[in-house]
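Participant: Quick one, fold the following:
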Amino acid sequence: MTQIDPEQKKRLASEWFTDLSNQICARFEKLERELHAPEGFTVEPGSFSRQKTTRNAMDGSDAGGGIMSKMVSGKVFEKVGVNVSTVYGNLSPKMGEVLKKRKKIKDGESGFWASGISLVAHLNHPRVPAVHFNTRMFMTEKETWFGGGTDLNPCIEYPEDTRLFHTSLKETCDQHDPGYYEEFRDWADRYFYIPHRKRARGVGGIFFDDLDTGNWATDFEFVMDVGKTFLSVYPEIVTLRQKETWTEDDREKQLLHRGLYTEFNLIYDRGTKFGLESGHDPDAVLMSLPPLAKWK
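Facilitator: Below is the predicted model:
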């Protein structure tokens, strides 16, 4: 079997995340053109604007960056952000301690490289679920691993949507390892939980981290398949629910549910913490926050 050196791994991973970002943006813009706007919202299809993001090391030197693609006030999407980035340099002391506990680095090690894609979509229509998706590859001096996941966040749950979402993820997981789905579904249930509210933020999905089976190509194939599955199943759910009528009570439920989502992302989300602590563009890190939310 052909050995893949670290630089090849970096190139292949970063190219895939960029390509997936472009595919997702194109598919979401297609939904904007094809679907009808819910009553009370704009009837003009939205499109993505793209902005380069940067990350500087403490000494001011280049430490990577990426592209933030954002669409707001569309027919379908009230706000959706798709970030792709590649960052590198030295870990902050706090992140270094976290990775030491996870046995990803040893004393004296601090260099890292990471690339990934992160997406959060908030919809106009209260009956169309919000969604999160991200996958990433992380490298230290001696370790390489993958992480990520996706979870569905409806304010009004439809069991058939939940079933379709989970069935699609299970089929993908089963193609790679029959134990993946149950393990990663349970991990998502634990991760996407809001302790101070004593409830989950949505209907779950899958979440995984530290994925390193010893076969990089196999792990990378799984990560790519998770992205392809998301790109297939989520637009199907959006298309189905966009056709329904909605009420002001539905909108109230949506805004209150977004409050839960905001609390999780600002208090518990690992990606938010890493992004801010590593010095990445805060607008890109916080693009997951909804445009409007309510609390009672």
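Participant: What ranges does the stretch 1-150 of the chain have for its strands?
Facilitator: 49-56, 62-72, 77-90, 111-123, 130-140, 144-153 (DSSP state E, counting those that start in this stretch).
Participant: which residues of the stretch 51-200 of the chain score low on pLDDT?
Facilitator: 58-60 (pLDDT under 70).
Participant: can you do 80?
Facilitator: 56-62, 91-98, 100-101, 103, 105-110 (pLDDT under 80).
Participant: returning to what we had before: can I get the strands of the stretch 1-150 of the chain in CSV including distance to residue 276?
Facilitator: All C-beta atoms are positioned from the backbone trio N, CA, C, and that covers glycine. Putting the strands of the stretch 1-150 of the chain into CSV (distance: least, CB to CB, whole Å) gives the following:
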stretch, distance to residue 276
strand 49-56, 11
strand 62-72, 14
strand 77-90, 13
strand 111-123, 13
strand 130-140, 16
strand 144-153, 18
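Participant: In CSV: these, plus mean neighbour count and distance to residue 196.
Facilitator: Formatted as CSV, those follow (neighbours: other CB atoms under 10 Å; distance: least, CB to CB, whole Å):
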stretch, mean neighbour count, distance to residue 196
strand 49-56, 14, 31
strand 62-72, 19, 29
strand 77-90, 22, 25
strand 111-123, 23, 21
strand 130-140, 23, 20
strand 144-153, 22, 18
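Participant: Helices along the stretch 101-250 of the chain, start to end?
Facilitator: Taking DSSP state H, counting those that start in this stretch to define them, one finds helices in the stretch 101-250 of the chain at 159-176, 180-191, 216-241, 248-267.
Participant: Could you name the helices and strands sitting against the shortest one?
Facilitator: If contacts are counted by 3 or more CB pairs under 8 Å, 6 or more residues apart in numbering; DSSP states H and E, helix 180-191 sits against strand 144-153, helix 159-176, strand 205-211.
Participant: now swap in the third one and tell me
Facilitator: Based on contacts counted as 3+ CB pairs under 8 Å, 6+ apart, the elements that helix 216-241 packs against are helix 6-34, strand 111-123, strand 130-140, strand 144-153, helix 159-176, strand 205-211.
Participant: out of the ones you listed, which comes closest to residue 251?
Facilitator: strand 111-123 (11.3 Å; CB to CB).
Participant: Need the CA coordinates for the closest one. CSV is fine.
Facilitator: Extracted in CSV, the C-alpha atoms of strand 111-123 (Å, rounded to 0.1, in the frame of the first residue of the first chain):
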residue,chain,number,x,y,z
GLY,A,111,3.2,22.9,17.0
PHE,A,112,-0.1,22.0,15.2
TRP,A,113,-1.9,22.2,11.9
ALA,A,114,-5.7,22.0,11.4
SER,A,115,-8.0,22.2,8.5
GLY,A,116,-11.8,21.9,8.4
ILE,A,117,-15.2,23.0,7.4
SER,A,118,-17.9,24.3,9.7
LEU,A,119,-21.5,25.2,8.8
VAL,A,120,-24.6,26.4,10.7
ALA,A,121,-27.9,27.3,9.0
HIS,A,122,-30.8,29.2,10.4
LEU,A,123,-34.0,29.1,8.3
